[in-house]
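>>> Would you be able to build a 3D model of this:
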Amino acid sequence: MARKPAVFGGLAVLSLLAVAAAVIARPWEAGLLALILFAIWVVAAAIWLDRRDARREAVRLANQDHRPAPSLPEEAEAFLAALDGQLGLPGDLRAEVRAELSAHFEDSIAAIEAEGNDRDLAAREAVARMGRPDELARELRRAHQTNRRLLAGTAGGVFQAGIGVVWGYFLGLFLILIGAIVLAVLLNTVLKPPVDFLAGHVQLEIDQSALAIGSVFGALVGLLAAFIAARRAVQECSRASRRTVRQVGPLWAIAGFLAIGYLVMFRVTAQQSWIAVALELLIPVAFAAGALVKTEARFPIATGRAFAAVVLVVVLTLPLVLLAGLTVSGSGGQSWSTDNVKEDLVFDRIAPAWPTQGPPLVNSQGTAMGVPIIDDVWEVQDGPQLARFGDLRIELWRAERFAGTPDWVDDFVPASGYATPFATVPAVIDSNRMAVRFDLSHVRSTAWVILLTGVAPGGQRYRLGYSGPITTAFSGTVWDWLTASQ
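Down below sits the predicted model:
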């Protein structure tokens, strides 16, 4: 028993160290570490509490099964033991069958003894009259495990799975809320001094829109809901069909894994990122685990103490997941001055800027942000000058932060490694305006800049306008993400 507190204490220390590491370094890869620790905590707590409840249930059944009863001869006990091992019925039904047969044996032995036989001979005769244990077990299974009960158990399992999804959904939201509250308290009390210090000294370059934090939290909730749904489905199916969880559990695991896997992979549309995709792919695995891992025991958080223990686990670990999605929100009193000369050199790689002396030829009227559809509108400011250019094009380029730019400065330039734009649309002037739409629903890149270019009379292509930076979010299924272009 002393080893269990030591193991959980070690996990607590690792969690606290991970919190410190996430606060100090804040790499977005810390999310992977956070999720691993979260999974370790939950699995460890579930196994421990599951075993504890299983032991309690075993003690309860042992006390129930071994209540004062007439002792039987060894022959009868051996017969009952052999029968119990071949019945294939749930534990409560096996206990009922054993109690009934024990009473039958006692009555049969007493009746044979009344005929003038000794107890040993009466016991052997009573056992012989019962026949072979395997044949009797087969008859009892056939009587209890009918197809009608199997259908009823399947229907009841589907219903209980739905109840489990709803219960797991709200439980997951509750646990996330607890984690968020604890994180907020920590960041404003104990962790506030180091966070304020690091905010002024740590520069973090991260594409926040690429994390799909909402989908990450949704997948975490889905993991818990799938696990609970599977347990409830298997337990109800076992009870109603009078089959053991070992018999129905694998069938539910396979069916649920295939059905939920298909929905997650091809049907459920959401904002995606690599971490969200990884968690979503674990949802059918969580269902299969719920259907197979000690499903006969009560769910660990069914009791008050167990529920409090799991809440404590989440309180200690879920802030790590939240920290992984946070960035330094302010500049910490620092200022940033862009090196315009070097930045212009990056843009000149595409086309040099037109050396206009007056007002700009065009002005961008703004673009949609945070959605996969970009609607870009340009207003012509100097029509006669713009008319000198030919082959006007609106070009969409993948973007990245200008080298050395902190995350609190939105300064993006065309991404290195790409010699051509992601998409090009001819610029058509209509009522002194130019409008274009780009559909980026199935594109993993999330940062963009838009350029208006045209060919001058001398044959040189110039940059005539700039729109950005623009951030989008990938929207689609897991399959869309896996097969999407960069």
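>>> Next, the closest residue in space to Ile429 that isn't next to it in sequence: phi, psi?
Distances taken as C-beta to C-beta, 6 or more residues apart in numbering put Val380 closest to Ile429, at 6.1 Å, once the chain neighbours are dropped. C-betas here are computed from N, CA, C, even on glycine. With angles defined as degrees, to the nearest 10, Val380 sits at phi -80, psi 130.
>>> which residues touch Val380?
Counting by C-beta atoms under 8 Å, 6 or more residues apart in numbering, Val380 touches Leu361, Val362, Leu386, Ile429, Asn432, Arg433, Met434.
>>> Could you find the closest non-adjacent residue to the third one?
Counting by C-beta to C-beta, 6+ apart, Leu386 lies nearest to Leu361, which is 4.9 Å off, once chain neighbours are set aside.
>>> Please apply the same query to the second one.
Spatially, and ignoring its direct neighbours in sequence, Val362 is nearest to Gly465 (4.3 Å; C-beta to C-beta, 6+ apart).
>>> ok, and what's touching the strand or helix carrying Gln86?
Per DSSP states H and E, Gln86 falls inside helix 74-87. Residues from elsewhere that reach helix 74-87 (C-beta under 8 Å, 6+ apart): 72, 93-94, 97-98, 101-102, 105, 109, 123-124, 126-127, 130, 133-134, 136-137, 140-141.
>>> just checking, which of these belong to helices?
If you go by DSSP state H, the contacts of helix 74-87 have 93-94, 97-98, 101-102, 105, 109, 123-124, 126-127, 130, 133-134, 136-137, 140-141 in helices.
>>> just the buried members of those?
When the ones in helices among the contacts of helix 74-87 are checked for burial by 16 or more other C-beta atoms under 10 Å, the buried set is 93-94, 97-98, 101-102, 105, 109, 123-124, 126-127, 130, 133, 136-137, 140-141.
>>> Can you pull the phi/psi pair for the residue sitting furthest away from the middle of the chain?
No residue in the chain sits farther from the centre than Gly116, which is 71.0 Å out by C-alpha atoms, centre = their mean. Taking degrees, to the nearest 10, you get phi 100, psi 10 for the backbone angles of Gly116.
>>> before we move on, what about Val425?
When read as degrees, to the nearest 10, the backbone of Val425 gives phi -130, psi 130.
>>> so what pLDDT did it get?
Val425 carries a pLDDT score of 93 in this model.
>>> One more: Ala259?
pLDDT for Ala259: 93.
>>> isn't the residue nearest to Leu386 right next to Ala353, touching?
No. Contact criterion C-beta atoms under 8 Å: Leu361 and Ala353 do not qualify, at 10.8 Å.
>>> Compare those two and say which is more crowded by neighbours.
Using other C-beta atoms under 10 Å, the more surrounded residue of Leu361 and Ala353 is Leu361, with 23 against 14.
>>> And the contacts of stretch 411-429?
Contacts of stretch 411-429 (C-beta under 8 Å, 6+ apart): 338, 343, 346-347, 349-350, 378, 380, 383, 386, 392-402, 405, 434, 436, 438, 443, 445, 447-449, 451-452, 454, 468-469.
>>> hmm, back to that, my guess is the residue nearest to Val362 contacts Thr356, does it?
No. Assessed by C-beta under 8 Å, Gly465 is found out of contact with Thr356, at 10.6 Å.
>>> what are the ranges of the strands in the protein?
Per DSSP state E, the chain carries strands over the ranges 270-271, 362-364, 373-380, 390-401, 412-414, 423-426, 433-439, 447-455, 461-471, 475-476.
>>> Name the strands paired with the second one and say parallel or antiparallel.
Yep, that's strand 362-364 we're talking about. Next to strand 362-364 in the sheet, as set by DSSP bridges, lie strand 373-380 (antiparallel).
>>> One more: the first one?
Using DSSP bridges, the neighbouring strands of strand 270-271 in the sheet come out as strand 475-476 (antiparallel).
>>> in the protein, which ranges drop under the pLDDT threshold?
Within the chain, the segments meeting pLDDT under 70 span 1-70, 89, 91, 198-210, 297-339, 357, 366-370, 406-408, 486.
>>> Packing partners of the longest helix along it?
Selection of the longest helix in the chain by residue count, based on DSSP H, yields helix 147-188. Helix 147-188 sits against helix 213-241, helix 245-262, helix 304-324, with contacts defined as 3 or more C-beta pairs under 8 Å, 6 or more residues apart in numbering; DSSP states H and E.
>>> the inter-axis angle of it versus helix 213-241?
150 degrees (axes from the mean of the first three to the mean of the last three C-alpha atoms, to 10 degrees).
>>> got the angle between helix 147-188 and helix 245-262?
60 degrees.
>>> what's the spacing between helix 147-188 and its chain's center?
On the basis of C-alpha atoms, centre = their mean, to the nearest Å, helix 147-188 sits 13 Å off its chain's mean C-alpha point.
>>> Leu72 against Asp107, yeah?
No. If you go by C-beta under 8 Å, Leu72 and Asp107 don't touch, sitting 11.4 Å apart.
>>> Tell me which of these two has more neighbours.
Per other C-beta under 10 Å, whichever of Leu72 and Asp107 has more neighbours is Leu72, with 19 against 12.
>>> distance of the closest residue to Gln365 other than its chain neighbours from Ile254?
Leaving out its chain neighbours, the residue that sits closest to Gln365 by C-beta to C-beta, 6+ apart is Val377, at 4.1 Å. Distance of Val377 to Ile254, given as C-beta to C-beta, to the nearest Å: 53 Å.
>>> now Arg149
From Arg149 across to Ile254, the span is 21 Å (C-beta to C-beta).
>>> quick one: which of these two has more around it?
When neighbours are counted by other C-beta under 10 Å, Arg149 comes out ahead of the other of Arg149 and Ile254, with 16 against 13.
>>> Okay, and the beta partners of the closest residue to Leu464 other than its chain neighbours?
Distance criterion C-beta to C-beta, 6+ apart; nearest residue to Leu464, sequence neighbours excluded, is Leu452 at 4.7 Å. Note on Leu452: beta-bridge partners by DSSP bridges are Ile394, Gly465.
>>> Could you tell me how far Leu452 is located from Val248?
For Leu452, the distance to Val248 equals 64 Å [C-beta to C-beta].
>>> ok, now Leu72?
Separation of Leu72 from Val248 (C-beta to C-beta): 32 Å.
>>> Repeat that for Leu263.
In terms of C-beta to C-beta, Leu263 sits 22 Å off from Val248.
>>> between these two, which one's more packed in?
Using other C-beta under 10 Å, the more surrounded residue of Leu263 and Val248 is Val248, with 24 against 15.
>>> tell me the contacts of the more buried one?
Each residue near Val248 by C-beta under 8 Å, 6+ apart is listed here: Gly153, Gly157, Val234, Cys237, Ser238, Ser241.
>>> try 10 Å
Listed by C-beta atoms under 10 Å, 6 or more residues apart in numbering, the contact partners of Val248 are 150, 153-154, 157, 233-238, 240-241, 291, 295.
>>> And for it, nearest residue in space, chain neighbours not counted?
Leaving aside its sequence neighbours, Val248 sits nearest to Cys237 (C-beta to C-beta, 6+ apart; 4.8 Å).
>>> residues near that neighbour, how many?
There are 28 residues near Cys237, going by other C-beta under 10 Å.
>>> got it, and Asp344?
14.
>>> what's the span of stretch 377-394 from first residue to last?
Criterion C-alpha to C-alpha, to the nearest Å; first-to-last residue distance in stretch 377-394 is 10 Å.
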